[in-house]
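Enquirer: Fold the following, please.
(one chain, ligands or ions: 1)
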Amino acid sequence: MFLSVNVDHIATLRQARLGAEPDPVEGALLAISGGADGITAHLREDRRHISDRDLTLLRQVITAPLNLEMAATDEMIAIALSVKPDMVTLVPEKRQELTTEGGLDVRGQKQRLSYVIGKIQSEGIPVSLFINPTEADVTTSAEISAEMVEIHTGLYANAVGEKAKATELQKIVHVVCIAQNVGLISNAGHGLNYRNVSAIAAIREVRGLYIGHGIMSRAIMTGIEKAVRQMRDLIRQAG
Ligand code: PXP
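Expert: Numbering: from 1, shown residues only. Presented below is the predicted three-dimensional model:
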């Protein structure tokens, strides 16, 4: 199963000080050393975490497949066509949201999405649509010629109790089967972490997982002791 690591949260931490570190490009290289098959970055309209500089450098430095997450706007189409990521994932974007809150309104935005997919595919870049696990969204995604869908796993990840989790998981499994029937590649992502990933990773028809927050949260916790020790050593040596 393909694992694409989202480095947005490294940039979020950098932007808290508007400085140079931590650098998501360096983080991406470390993620690849750790076994990531690909890297994902979401260039938002407000540039609240990933910047144009990050995207350009990621394209130059990362040899693993680069997935650009973006809104279906003219500005982002132009950037995608110039940076040429290995794939584009179209996502809905709201300024006020903390993170991507739901899948695309594929039916409501059918015409616009179809236009954007065509533009991006014309440069040979495959397109994935971030969708809620519904039958209608997956069949509409196929109608407008996306190559892939990324099934939103947020409701599954946030479900409370075994029964609710099983219900959400079932919806995902069902939609993945429909995607396969209509010739779409299925990926999955959002809210996946060390406690809930296994059930999704066990769905054989899912090609890849797109994970950010859970991995970066774990990286902080597993790195604190080492980081403090390094600082202690420096202070001890100076004194
Ligand atoms: N997939 C998409 C389309 C997303 O927008 C995000 C969040 O940026 C993710 C996957 C990763 O979600 P998380 O950070 O919760 O792992």
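Enquirer: which parts of this structure sit against the ligand?
Expert: Counting by Cβ under 6 Å from any ligand atom, the chain comes close to the ligand at 6, 8, 42, 69, 89, 91, 99-100, 130, 150, 189-192, 210-214. Placement of C-beta: from N, CA and C, glycine included.
Enquirer: And the pLDDT for the most centrally placed residue in the chain?
Expert: Centroid-nearest residue in the chain, with Cα atoms, centre = their mean: residue 210, separated by 4.7 Å. Reported pLDDT at residue 210 in the predicted model: 98.
Enquirer: tell me the SS of it?
Expert: strand (DSSP: H, G, I helix; E, B strand; the rest coil).
Enquirer: hey, where'd the helices end up in this structure?
Expert: 8-15, 24-33, 52-61, 74-83, 110-121, 135-143, 154-158, 162-181, 197-201, 213-238 (DSSP state H).
Enquirer: thinking again about what came up before, with adjacent residues omitted, what lies nearest to the residue nearest to the centre of the chain?
Expert: Among residues not flanking residue 210 along the chain, residue 189 sits closest, at 3.2 Å (Cβ to Cβ, 6 or more residues apart in numbering).
Enquirer: Tell me what the one you found is bridged to.
Expert: Beta-bridge pairing for residue 189 (DSSP bridges): residue 152, residue 210.
Enquirer: Could I get the helices of the chain in CSV, plus columns for mean pLDDT?
Expert: Below are those laid out as CSV (pLDDT from 0 to 100):
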stretch, mean pLDDT
helix 8-15, 97
helix 24-33, 98
helix 52-61, 98
helix 74-83, 98
helix 110-121, 98
helix 135-143, 97
helix 154-158, 97
helix 162-181, 97
helix 197-201, 98
helix 213-238, 98
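Enquirer: Tabulate the ones you listed (a markdown table), appending distance to residue 46 and mean neighbour count.
Expert: Formatted as a markdown table, the helices of the chain follow (distance: least, Cβ to Cβ, whole Å; neighbours: other Cβ atoms under 10 Å):
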| stretch | distance to residue 46 | mean neighbour count |
| --- | --- | --- |
| helix 8-15 | 11 | 20 |
| helix 24-33 | 16 | 19 |
| helix 52-61 | 12 | 16 |
| helix 74-83 | 12 | 16 |
| helix 110-121 | 19 | 18 |
| helix 135-143 | 26 | 19 |
| helix 154-158 | 21 | 19 |
| helix 162-181 | 30 | 16 |
| helix 197-201 | 30 | 16 |
| helix 213-238 | 19 | 11 |
